[in-house]
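[1] model this:
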Amino acid sequence: MFADYTYYTGTYGGTAIAEASFTLYGNRATAYINSIMPVTPETVTDNLKMAMCAVADEMYKDDTEHGGIQGENNDGYSVSYKGGTKTPVRLCYEAAMLYISDLMGRWL
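    Okay, the predicted model is just below:
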């Protein structure tokens with residue numbers, strides 16, 4: 001994991017993820033970032049830490065907002081989704097790119 005909970009709350013300024021859940025989302029976010037980077041740098045930079053925190057926030061938001069569902073009716077089984085929303089994967093990618101696009105080089 002690139003960053004710890006102290007970094008998430010202090011430096012990044014995150015408030016959404018509780019400390020008890022941070023390891024789960026931090027590990028998932030780190031794995032995601034490793035999967036989109038051609039080569040993970042040997043040194044963990046502030047940009048990598050910030051990217052991990054931003055992606056963790058997006059993953060947490062996706063889990064708690066039920067994937068963009070706007071309304072649900074169990075009586076006649078009807079589900080409506082928020083219009084025009086980006087996919088969770090796209091949101092994670094954009095969150096990561098705010099911080100690590102310079103590390104991606106020609107692979108963008």
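
[2] going by C-alpha atoms from here, please, whenever you check contacts or count neighbours.
    Noted.

[3] looking at this structure, which helix or strand does the model trust least?
    Using mean pLDDT, DSSP states H and E, strand 69-73 stands out as the lowest-scoring helix or strand of the chain, at a mean of 55.

[4] secondary structure element holding Ser101?
    helix 88-104 (DSSP states H and E).

[5] per-residue pLDDT, the residue nearest to Glu19 when sequence neighbours are not counted?
    Nearest non-adjacent residue to Glu19, counting by C-alpha to C-alpha, 6 or more residues apart in numbering: Tyr5, 6.4 Å away. As predicted, Tyr5 sits at a pLDDT of 98.

[6] Asp4 - how many residues pack around it?
    15 (other C-alpha atoms under 10 Å).

[7] next, work out how far apart it and Gly26 are.
    8 Å (C-alpha to C-alpha, to the nearest Å).

[8] what segments of this protein are strands?
    For the chain, the strands defined by DSSP state E occupy 69-73, 78-81.

[9] let me see the mean pLDDT of the last one.
    On average, the pLDDT along strand 78-81 is 58.

[10] low-confidence regions, this structure specifically.
    66-85, 104-108 (pLDDT under 70).
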